[in-house]
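Trainee: Predicted model follows, preceded by the sequence.
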Amino acid sequence: MPTTRVERIAAGWLALEAVGVLVLAAWELVALTRGDSESVPSSLALLVLTVIGAAAVIGFAVAVWRGGSWGRSGGVVVQLLILSIALGSLTGEGADARLAATIAVPAVVGLILLIAAARSAGARSRTGDSEV
């Protein structure tokens, strides 16, 4: 069955977030090559984990585009993790509400899109209609 419009929008949003994670990985690589890190092994490990995270988000985006429920589930987990990072940026010595909002708003949008995609997929599976 073809996916609905809201599922494709949610997949596109996840793909944009994956690009953002890849940009973060590129930034980490530049910092590593400039010698801005105190621990090269830790920086390499963080870089590898960031790239793995980007690959996972890309996988979730592809799965949502194809109508897979596991992609929506993984995408929701990603949004909740991003929201936890936003909450963390509100606490501590360098707390910054603007940074927290900058991080949280895209995650909330993604969460809303993924929930709408799940509802749309459920309605599509009940009716067999691709444009619910």
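Mentor: Yep, it's here. Numbers count the residues shown, from 1 in each chain.

Trainee: Summarise which helices and strands the helix or strand of the chain with the lowest mean pLDDT is packed against.
Mentor: Least confident element among the helices and strands of the chain, by mean pLDDT, DSSP states H and E: helix 97-127 (a mean of 93). Where contact means 3 or more CB pairs under 8 Å, 6 or more residues apart in numbering; DSSP states H and E, helix 97-127 is packed against helix 5-34, helix 69-88. C-beta: built from backbone N, CA, C; applies to glycine.

Trainee: These into CSV, with extra columns for distance to Phe60, mean neighbour count and mean pLDDT?
Mentor: Shown next, in CSV, are those (distance: least, CB to CB, whole Å; neighbours: other CB atoms under 10 Å; pLDDT from 0 to 100):
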stretch, distance to Phe60, mean neighbour count, mean pLDDT
helix 5-34, 5, 17, 96
helix 69-88, 4, 17, 96
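
Trainee: Quick one: closest of the ones you listed to Thr50.
Mentor: helix 5-34 (4.4 Å; CB to CB).

Trainee: tell me the angle of that closest one relative to helix 97-127?
Mentor: Angle of helix 5-34 versus helix 97-127, following axes from the mean of the first three to the mean of the last three CA atoms, to 10 degrees, is 140 degrees.

Trainee: what's the spacing between helix 5-34 and its chain's center?
Mentor: Here helix 5-34 is found 8 Å from its chain centre; the criterion is CA atoms, centre = their mean, to the nearest Å.

Trainee: quick one: it to helix 69-88, angle?
Mentor: 50 degrees.

Trainee: Helix 5-34 packs against which elements?
Mentor: Using 3+ CB pairs under 8 Å, 6+ apart, helix 5-34 sits against helix 40-66, helix 69-88, helix 97-127.

Trainee: Mind listing what's buried along the longest one?
Mentor: Using 16 or more other CB atoms under 10 Å as the test for burial, helix 97-127 gives 100, 103-104, 106-107, 110-111, 113-114, 117-118, 120-121, 124.
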